[in-house]
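Q: Fold the following, please.
(one chain, ligands or ions: 1)
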Amino acid sequence: MKKSMTISSIKKSKGLKPLVMITAYDALFASLFEAESDMILVGDSLNMSFAGKNDTLSVTMDQMIYHTKAVCNGAKNSFVISDMPFGTYTNTEDALHNSIRVFQETNADGVKIEGGKEKADIVEHLTSNGIAVCGHIGLLPQSVRCEGGYKIKGKTNAQCLSLIADARAIEDAGAFCMVIEGVRSDVAQEIAKSVDIPVIGIGAGCDVDGQVLVFSDMLGLFEAFTPKFVKKYLNGADLVRESVKNYADEVKNRNFPKDEHSY
Ligand code: KIV
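A: As a prediction, the model looks like this:
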């Protein structure tokens, strides 16, 4: 099955058109997102909106592989990226072993790992062994406990220079694109200009090479908290509640099923 995007078309899109990335965790939603997205990310954010945990840290390799298989089944033409869970790429050997599992057990096209220059050797080891890597710099959700919260980056000149160095290190290590999260817009713009691979923003303003949103945020399904950068394109939770209430009322009043739903 031919994929609609490839590593080379993703790289070539820089400067030509903004890339659309959206998360999905299952086949059903992935199939609905396929037509309008350039890349589908099986984000470890599923640990929060799918599994109900407080952060992404406890998701396992097996769980990510299960969800990645489902997404690939539902969106056979999509370029799919699978998030590497916290703790599965702390050294080059584990990183390669676990990424090979993703490539052998699913139809994913790339993996995403969080971190800047400190992860360059890992990215280099993966890309030189045939694993396509999407980087993730700026606010790193997997560092939430170590940093004591989700902290916006790029607020000082030193942070700005450090982020540019992160982006260059990830590009030099062979990544085909990177996500930049929770960074001041002007700084994210500078970072996108300082590398030749696409920089996909989330909470990083519009002057980058594309955008990614977590689907359950943008469809208004996830209500635990809504970061400032989220735009809700649907009031999903309200619509779901209303529909389930209508169903429940009709069941209780014996208004469902009617003849047309009966044999
Ligand atoms: O896990 C995820 O959904 C992500 C996005 C926030 C980019 O990494």
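Q: interface residues of the stretch 51-200 of the chain facing the ligand?
A: Asp83, Val179, Glu181 (C-beta under 6 Å from any ligand atom). In this view, the C-beta of every residue, glycine as well, is placed from N, C-alpha and C.
Q: Hmm, the last one is touching Gly135, no?
A: Looking back up the chat, that one is Glu181. No - contact criterion C-beta atoms under 8 Å: Glu181 and Gly135 do not qualify, at 11.0 Å.
Q: Specify which residue of these two has the higher count of neighbours.
A: Gly135 (29 against 23; other C-beta atoms under 10 Å).
Q: now the helix or strand hosting the more buried one: mean pLDDT?
A: Assigned by DSSP states H and E, Gly135 belongs to strand 133-138. The average pLDDT within strand 133-138 is 98.
Q: Then stretch 213-228?
A: On average, stretch 213-228 scores 95.
Q: so who does the residue of the chain found nearest the ligand touch?
A: Using C-beta to the nearest ligand atom, the single residue of the chain nearest to the ligand is Gly43, 2.2 Å away. Contacts for Gly43 (C-beta atoms under 8 Å, 6 or more residues apart in numbering) come out as Thr23, Tyr25, Asp83, Lys112, Val214.
Q: Of those, grab the buried ones for PyMOL.
A: In PyMOL, this line selects whichever of the contacts of Gly43 come out buried by 16 or more other C-beta atoms under 10 Å:
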select buried, resi 23+25+83+112+214
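Q: would you list the contacts of Gly43 in CSV and tack on distance to Thr226?
A: Listed next are the contacts of Gly43 as CSV, based on distance: C-beta to C-beta, whole Å:
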residue, distance to Thr226
Thr23, 15
Tyr25, 18
Asp83, 21
Lys112, 23
Val214, 11
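Q: out of the contacts of Gly43, what pair is the most spread apart?
A: Tyr25 and Lys112 (14.3 Å; C-beta to C-beta).
Q: what about the strands in this structure?
A: 19-23, 39-42, 79-83, 110-114, 133-138, 177-181, 199-202, 210-213 (DSSP state E).
Q: In this structure Gly236 contacts Asp217, no?
A: No - if you go by C-beta under 8 Å, Gly236 and Asp217 don't touch, sitting 9.8 Å apart.
Q: which one of the two has more residues nearby?
A: Asp217 (23 against 18).
Q: which non-adjacent residue is nearest the more buried one?
A: Closest residue to Asp217 apart from its sequence neighbours, by C-beta to C-beta, 6 or more residues apart in numbering: Val230 at 4.4 Å.
Q: How much space separates the one you found from Glu105?
A: 32 Å (C-beta to C-beta, to the nearest Å).
Q: what about these two, which has more around it?
A: Set Val230 next to Glu105 and count neighbours by other C-beta under 10 Å: Val230 wins out with 17 against 14.
Q: Please report the number of neighbouring residues for Phe143.
A: Careful, residue 143 is Ser and not Phe. Neighbours around Ser143, by other C-beta under 10 Å: 16.
Q: contacting residues around the nearest residue to it once chain neighbours are set aside?
A: Once flanking residues are discounted, Ser143 sits nearest to Glu114: 7.3 Å by C-beta to C-beta, 6+ apart. By C-beta under 8 Å, 6+ apart, the contact set of Glu114 is His136, Ile137, Leu140, Pro141, Gln142, Ser143.
Q: And the pLDDT at Glu114?
A: 98.
Q: Break this structure into its domains for me.
A: 7-232, 237-263 (automatic domain parsing).
Q: got a markdown table for these, with distance to Met1 too?
A: A markdown table is the format used below for these (distance: least, C-beta to C-beta, whole Å):
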| stretch | distance to Met1 |
| --- | --- |
| domain 7-232 | 5 |
| domain 237-263 | 32 |
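Q: Can you tell me which of those domains is packed in deepest?
A: domain 7-232 (a mean of 19; mean count of other C-beta atoms under 10 Å).
Q: Span of that one from start to end?
A: 30 Å (C-alpha to C-alpha, to the nearest Å).
Q: and stretch 136-153, how far from the chain's centre?
A: Centre-to-centre, stretch 136-153 and its host chain are 15 Å apart (C-alpha atoms, centre = their mean, to the nearest Å).
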